[in-house]
Structure formats: structure tokens, C-alpha cells
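Asker: quick check, what structure comes out for this input:
(one chain, ligands or ions: 1)
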Amino acid sequence: MGVPDAAAKRISRLRHEIEHHNYLYYVLDAPELPDAEFDRLFRELQDLETQYPESRTTDSPTQRVGAPPLDAFDTVRHAVPMLSLNNALSVAEAEAFDRRVREALGVDTVEYSMEPKFDGLAVSLTYEDGVLVTGATRGDGYEGEDVTANLRTVRAIPLRLDQEGRPRVLEVRGEVLMLKRDFERLNDYHRSKGEKPFANPRNAAAGSLRQLDSRITAGRNLSFFAYGVGRSDPFPPGVTTQSGLLDWLASLRFPVARDRQVTTGVDGLLDYYRGIGERRKALAYEIDGVVYKVNDFRLQDELGYVSRAPRFAIAHKFPPEEELTEVLGIEVQVGRTGALTPVARLKPVTVGGVRVTNATLHNEDEVHRKDIRVGDTVVVRRAGDVIPEVVRRVPVSGTRGPEFHLPDRCPVCGSAAPRAEGEAIRRCAGGLFCEAQRKQALIHFASRRAMDIEGLGERLVDQLVDRGLVHSPADLYSLTAAALGGLDRMGEKSADNVVKAIGMSRHTTLARFIYALGIRNVGEATARDLARHFGDFVPFMEADLEALTAVPEVGPVVARSILEFFEQPHNREVIGRLLGVIDWPRVETAGATAKSPVSGKTFVLTGTLPNLTRDQARALIEAAGGKVAGSVSSRTSFVVAGEEAGSKLARARELDIRVLDENGLLELFPDDHPSIAKQQKEGS
Ligand code: IVH
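Answerer: As a prediction, this is how the structure comes out:
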């Protein structure tokens, strides 16, 4: 049964009209139609497509609401690799870029196309005969993930190209991002539901694009800007420059940054950089710099590429962001080792795309050196992922609070908090009797690089300790979902997940366990050295000063911290209980492999590991009594994921299966070296 002519015509007409209004609204930001009228057209089209299902095609605007969820993303190989840009981090480096370009070309001045550097995710959109057929993430530049269904929900991305002269095959590249206002709205919504807000628009965009359920993506209001072309067959005749290409893409109705410009010479580059920098805040989206590209394609070809980046383009990045705000209060936080840290409570500001309400003042001397007091206006800085800090005070008139002093007693437990001679830090002497230290110890114990208990973060630890459910790490292992279920913001499923995650953490390595104890001066590397040296926990715990300093990497300071730790009866008691539940390979006992976390377990390998080949990894696992399977199921114990890990990794996440990287895999073995693990097996 075909679609009657009149209906087919109406459907085609409606699709054009709806997409035209989408374009006006999402690309040109100049809507013409009242929402209600748009909704009416949309519903009419939906009704017709329901009546004539054979008329439904993937390029219909009705498909923008998302499709049924996938099990995993497929992998897409990029026809032309998606490379990255080199960075210029200063004006001098930008000038050096221009100099290199001129010298390589043997010319006095060069024409550049200048564009914002969008802070989102690179994607590639492939159109065949004008229809969007594939949308993929950048991945490692050679292969990405097939996120077509998700990208179809992005209103600014055309589902079809009707223009004359469109190439038969066209791959458009650009950035998916979330506008600042959509990000705020999404986070408000998340907060109102008691869910965790996203840290910044980039994370929100990434999280939304990588949903297996594209209906979720559809609700997230992602945006897109085109900045280039991968494959074009044929290449549009007459387009010989980057700026011409952007104009051409705009004529195909792709969204292209309005803030693009062309200039000749390095002064123009720097003017553009400064100009955009000044307007950065007012832009609708986040940018982390600007991009300069040699405009003429012939010259681009002449310059070519160095390893994985073009010589003809560079990203000139903005410096880490700083903002002005006001100090509302100075609080004292007690860390895991009892250190008292002054923290400024700030009038909330967004720095580098992240809302900041607290910033560290480091220690008492720093507060005095910078002369920071309540009521002051200060510069806060957030560089990359580091903790925000108060940089300096900006003198303005107004009332200032009194000079700040750290208390000489712990603000949490009231114990003395002396400042040891020659140290900049006051420490609470309360040890694990201090609730703050206990909480921090638990947070550290559960952290990713320690016992890796997902979902057991600060908020949950606060509640567990406050309600007396947990006093020490050992108590975690007798928690039940029912006990957790009574806590704030803890649904049945989350409670189950936390209990599961705690259970999974029993299988760990000696090194992680030692690190997790949070012994002062014993970081990850030292923990690894100790594990390798002692082989099991008991000899480590019983070691005296001499035995400890016999470890090549351990000096007297570290050794003394370890001895002090084990001298505490409380610590010995907690460890005694933990040893009853934790499971790691005990190498010196006979039949070690039977107890190893590898023996009897099923592994799935995916992606490329940095050092081991797949065969080596397999041999290693099998030698220790484990199995390697081809696909992920509920019976999989561990997924070992390297670079370019695709659908198997996604599946593992879905099924809550523990994912290891190469290091994580190696840590499961009694010794870090595969061949030794093998020998042990042969010898046992
Ligand atoms: S051109 C050969 N233009 O920056 C590289 N990239 O490190 C071609 N980006 O992965 C990229 N804005 O995600 C280009 N106007 C722009 C960009 C831009 C953001 C991102 C892109 C890429 C990364 C390069």
C-alpha cells in the first residue's frame, strides 16, 4: 500500500517547513513562528507518519525526538583522520607560529582565518546524497563511536541538504556543545531532582552525547558549530580558502561561528585574540581560546602536517581563568591527616566554566602573607582541574573583618591542634577519634586509586558517619542496602549499587590496600614499593624500623609514620577486621593462584593497551588461572580496556562490571611482571 500522492506532498511540505523553522530558531536565532504554531505543524506531520508508516524516513524532523536505546555504540572509521591542533599558550608562541609559517612559505605576510575555539566535543557528520547517514565522535582521531541517533536529535544539525551543488558525499566536522543557558537550565533541573549537577557545559555535552538512549540526548538541547570538512566528493568548486569554506557551509545551512574573521599579519591575530577574550563572557557558549588557520588551501597543503597536527593552524588558548569575588567567611577544614586548612567561603562565581563557592587559602602563613580577611574582594583562580585558590586581595574601600588566626584546638573534635616546629601546618591530635579525620579517612579509603568504591563519596560518608552507621572502613563491609536505603537521596537502586561496589572492592591488590589505609607519607608509589617488598600484609605490619628502611625506597620519615600508624590499637583492630574480608594475591603461600583475584575469573579484553599486546595479556591471565572471553555478559568479572575501547566498555559500564586499565590488570598479579607471574604458576 503506497502513500497517496496528496499525503506524500503534504508530508514533504511539512518537513521542509518544520526544518526551515528549526533553522531559523536554532541556527539563525531568529524564530518567526509562535511555538504553538510550530507544534501544530509538527503534530500534523507526526499524525501523517503514523497513518502512513512507510513514509517515515530518518531525515524527517520527527526523528529528532530520539530512537530506542542501543546496547552499545558501533565503531566508525574516519575516512580522513580527525587530527588535533597544537597549542600556543602565550603571545610569544602565537608570534612564533606566524614566523614559522612565513619562513616555511618564504613570504612576508600571510592571510589567516580566525575562529573561536569551541569548548565541546569534535564530531563528524557524513551526508550521502544530501541525507545525514552517519554521525561520529572523534575518538582517537582514526576511529570514533557511531552516535548518529544522538546527533539527529541536535536541532542545529541539518538532517538533509537540499541545496543545489551539494556534494554527493560530504563529511562536515565541527563541535557539539551546550550553550551556557541550556547548561544552567539542565543543572537547575538536576538539582531540583536531587541529582548531581554537571561540572561545566563541556561535561554536560559529553555526557549527553554519549547516551545509549538518544531520547535522553533529545531532551538535552545540544548545539553544534561546523568548522571544517573531512571528505567531500566532489570538493565544492570555487572554494579555495578556509573562510570561503565556512561561508559555503553556512550556505548549506550549517551553523558556523558568527565571530569568524579574516586578517593579514600577526597583529590582526593578536587583536582578534584580545577582542574575543574581552567578549568571552558574553558569548552564548564556552570557548577556551581561538584558532588561527592559514586561509589559502594551497598554502595549507604546502605547509602540511607534523605528526598528528597541522603546521598551518594553531589554537591560541586563554590563560587559566581568574575572577573577582567576595570573601563571606573563612572556615577551617580538617583533613585526613589532621591538617587544619583555612578555606575561604566565597560569594559564588563561575571560574573557568565551573561554579566556585570555596577556595583554599592553603595555610595560616599564606592568609597573613596575602592579608585576606572576611569582607575582602579577592581574585580566585581555577587552573584546569586543580582546587580553586584565593590568589590575592584587591584593595577596595569597605569594612574588613579582623585578622584571621587558626584556632589552637580542632574545630571538629576539640583536641589540641599544635603547630609542629618548622611546619606551616597545625594538626589536630585527635586521630581517628576526630570525626573529620574519620570521614576523610573513609573518603580516601573508597577513592578511585585506593579501594575504588564507586558511589561512596563525601556526601554519603558524611551521612554514614553522622548517623553512626560507619566508624571505620571495616564497617563498610557489613553495610546492607536496607541500612543505606534510609539515607537522604538514596533510592533502592543506588543503595544496591553502593553495596555491590563495596563488595567488588574486596578483590583488590596489596598495594591498593596499603595505600587505602591512608598512612601519613605513604602515597601510591610507596604503597606499591612496600607491597612488592613484603609480598603480604602481615610481614609489612610486623616490620620494625630496620625491616622498613630495608625497602630501597623507604626512608626514616616514612618508616616512622608507618610504625606510628601500627602502634595505634584502634588501627590494628580495624585492620584485623579488614583482613577478614579483603582478598588479594598472597604470593608467599603455597597455591597462591587459587587465592589470586584472577583465578577462576572471566576477563574481556577491549581496545589497545599501552604496553601489552592482546596475546600477552591473555597469556598472563590464563597463567594465573583466569579465562578470557570474547564478549561482555553478566558473568564477566573484569573488562580490561585500552585506547579505542568501544562497545564492550560501554556494555561493562551498563552491567556494572569492574573496568581495569593495563596498570589495574597488572596490579592483580603478585608481581608487576607478566613473566614472573607465569613462572610462579609453573613453579606452584
Ligand atoms: S580545526 C586539524 N577549528 O579543537 C585539526 N578545531 O585540538 C582541525 N576545536 O578536536 C580542527 N574549535 O574539537 C578546529 N574552530 C575550530 C575549533 C576546533 C574547537 C577543537 C576540535 C579539535 C580540537 C583541536
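Asker: low pLDDT regions in this protein?
Answerer: Along the chain, the model assigns pLDDT under 70 to residues 1, 320, 352-353, 383-386, 584-596, 670-684.
Asker: centroid residue for it?
Answerer: residue 203 (6.4 Å; Cα atoms, centre = their mean).
Asker: could you find the closest non-adjacent residue to the residue of the stretch 151-300 of the chain found nearest the ligand?
Answerer: Closest residue of the stretch 151-300 of the chain to the ligand, Cβ to the nearest ligand atom: residue 227 (3.9 Å). For glycine as for every other residue, the C-beta is placed from the backbone atoms N, C-alpha and C. Closest residue in space to residue 227, ignoring its immediate chain neighbours: residue 174 at 5.2 Å, by Cβ to Cβ, 6 or more residues apart in numbering.
Asker: for the one you found, what are its contacts?
Answerer: By Cβ atoms under 8 Å, 6 or more residues apart in numbering, the contact list for residue 174 reads 118, 122, 123, 125, 224, 225, 226, 227, 228, 254, 255.
Asker: follow-up on the earlier one: does the residue of the stretch 151-300 of the chain closest to the ligand count as helix, strand or coil?
Answerer: strand (DSSP: H, G, I helix; E, B strand; the rest coil).
Asker: still on that earlier bit, TSV please, covering the contacts of residue 174 and showing distance to residue 179 and neighbour count.
Answerer: TSV is the format used below for those (distance: Cβ to Cβ, whole Å; neighbours: other Cβ atoms under 10 Å):
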residue	distance to residue 179	neighbour count
118	11	25
122	18	20
123	16	25
125	19	25
224	11	25
225	11	23
226	16	23
227	17	24
228	21	18
254	17	22
255	11	22
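Asker: next secondary structure after the host helix or strand of residue 650?
Answerer: Following DSSP states H and E, one finds residue 650 within helix 647-654. Sequence order places strand 658-660 as the next helix or strand after helix 647-654, per DSSP H and E.
Asker: check which helices and strands that following strand is in contact with.
Answerer: Strand 658-660 sits against strand 638-641, helix 647-654, with contacts defined as 3 or more Cβ pairs under 8 Å, 6 or more residues apart in numbering; DSSP states H and E.
Asker: give me whichever of the ones you listed is most buried.
Answerer: Burial of those is given as mean neighbour count (mean count of other Cβ atoms under 10 Å); strand 638-641 ranks first at a mean of 25.
Asker: hmm, who's touching that strand?
Answerer: 601-607, 609, 617, 632, 648-649, 652, 657-662, 664-665, 668.
Asker: if I look at residue 35, how far off is residue 48?
Answerer: According to Cβ to Cβ, to the nearest Å, residue 35 stands 21 Å off from residue 48.
Asker: ok, the two, which is more surrounded?
Answerer: Neighbours per residue, other Cβ atoms under 10 Å: of residue 35 and residue 48, the larger number sits with residue 48, 18 against 9.
Asker: in which helix or strand would I find that one?
Answerer: helix 35-51.
Asker: before we move on, what about residue 327?
Answerer: strand 321-334.
Asker: packing partners of that strand?
Answerer: Packing contacts for strand 321-334, counted by 3+ Cβ pairs under 8 Å, 6+ apart, involve strand 340-351, strand 354-360, strand 377-382, strand 389-394, helix 435-446.
Asker: okay, these, which one's buried deepest?
Answerer: Among those, helix 435-446 has the highest mean neighbour count (mean count of other Cβ under 10 Å), at a mean of 22.
Asker: what packs against that helix?
Answerer: Packing contacts for helix 435-446, counted by 3+ Cβ pairs under 8 Å, 6+ apart, involve strand 321-334, helix 458-466, helix 473-476.
Asker: hmm, 10 Å instead?
Answerer: In terms of contacts (3 or more Cβ pairs under 10 Å, 6 or more residues apart in numbering; DSSP states H and E), helix 435-446 is packed against strand 321-334, helix 458-466, helix 473-476, helix 492-504, helix 510-516.
Asker: distance to the ligand added to these, as a markdown table?
Answerer: As requested, the helices and strands packed on helix 435-446 are arranged in a markdown table below (distance: least, Cβ to the nearest ligand atom, whole Å):
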| stretch | distance to the ligand |
| --- | --- |
| strand 321-334 | 17 |
| helix 458-466 | 32 |
| helix 473-476 | 41 |
| helix 492-504 | 33 |
| helix 510-516 | 34 |
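Asker: which of these sits most buried?
Answerer: Mean neighbour count (mean count of other Cβ under 10 Å) peaks for helix 510-516 among those, with a mean of 23.
Asker: residue 452 contacts residue 506, correct?
Answerer: No. Residue 452 is not in contact with residue 506 according to Cβ atoms under 10 Å; the separation is 11.3 Å.
Asker: and those two? Which one has more around it.
Answerer: Between residue 452 and residue 506, counting by other Cβ under 10 Å, residue 452 is the more crowded of the two (18 against 14).
Asker: now that one: closest residue in space, sequence neighbours ignored.
Answerer: Leaving aside its chain neighbours, residue 452 sits nearest to residue 505 (6.1 Å; criterion: Cβ to Cβ, 6+ apart).
Asker: count the neighbours of that neighbour for me.
Answerer: 26.
Asker: residues touching it, list them.
Answerer: Counting by Cβ atoms under 10 Å, 6 or more residues apart in numbering, residue 505 touches 445-446, 450-454, 456, 473, 476-477, 512-513, 516, 581-583, 658.
Asker: how about a cut-off of 8 Å?
Answerer: 446, 451, 452, 453.
Asker: for those, which one is nearest residue 107?
Answerer: Proximity of the contacts of residue 505 to residue 107 (Cβ to Cβ) peaks at residue 452, which lies at 55.5 Å.
Asker: write out the residues of the protein neighbouring the ligand.
Answerer: Where the chain comes near the ligand, counting by Cβ under 6 Å from any ligand atom, the residues are 83-85, 115, 117-118, 122, 138, 175, 227-228, 291, 310, 315.
Asker: what does stretch 146-153 contact?
Answerer: Contacts to stretch 146-153, defined as Cβ under 8 Å, 6+ apart, come from residues 58, 63-67, 70, 73-76, 123, 125, 132-137, 157, 159, 176, 208-211, 214, 217-218, 222, 224.
Asker: distance from it to the middle of the chain?
Answerer: Mean-position distance between stretch 146-153 and its chain equals 20 Å (Cα atoms, centre = their mean, to the nearest Å).
Asker: ditto for stretch 216-227
Answerer: Its chain's average C-alpha position is 18 Å from that of stretch 216-227, according to Cα atoms, centre = their mean.
Asker: any idea how far apart the tips of it sit?
Answerer: 26 Å (Cα to Cα, to the nearest Å).
Asker: now do the same contact list for the closest residue to residue 443 other than its chain neighbours.
Answerer: Sequence neighbours aside, residue 461 is the residue nearest to residue 443 in space, at 5.3 Å (criterion: Cβ to Cβ, 6+ apart). Residue 461 makes contact with 439, 442, 443, 446, 470, according to Cβ under 8 Å, 6+ apart.
Asker: can you pull out the helices in the stretch 1-150 of the chain?
Answerer: Under the criterion DSSP state H, counting those that start in this stretch, helices of the stretch 1-150 of the chain are mapped to 5-22, 35-51, 91-105, 148-152.
Asker: ok, which stretches of the stretch 501-650 of the chain are strands?
Answerer: Here the stretch 501-650 of the chain has its strands, by DSSP state E, counting those that start in this stretch, at 602-606, 627-629, 638-641.
Asker: in its sheet, which strands sit next to the longest one, and in what direction?
Answerer: When you say that, I think you mean strand 602-606. With DSSP bridges as the test, strand 602-606 is paired with strand 627-629 (parallel), strand 638-641 (parallel).
Asker: so what touches stretch 205-220?
Answerer: Here stretch 205-220 makes contact (Cβ under 8 Å, 6+ apart) with 64-73, 120-121, 123, 137, 145, 147, 149-154, 176-178, 182, 186, 198, 204, 222, 650, 654.
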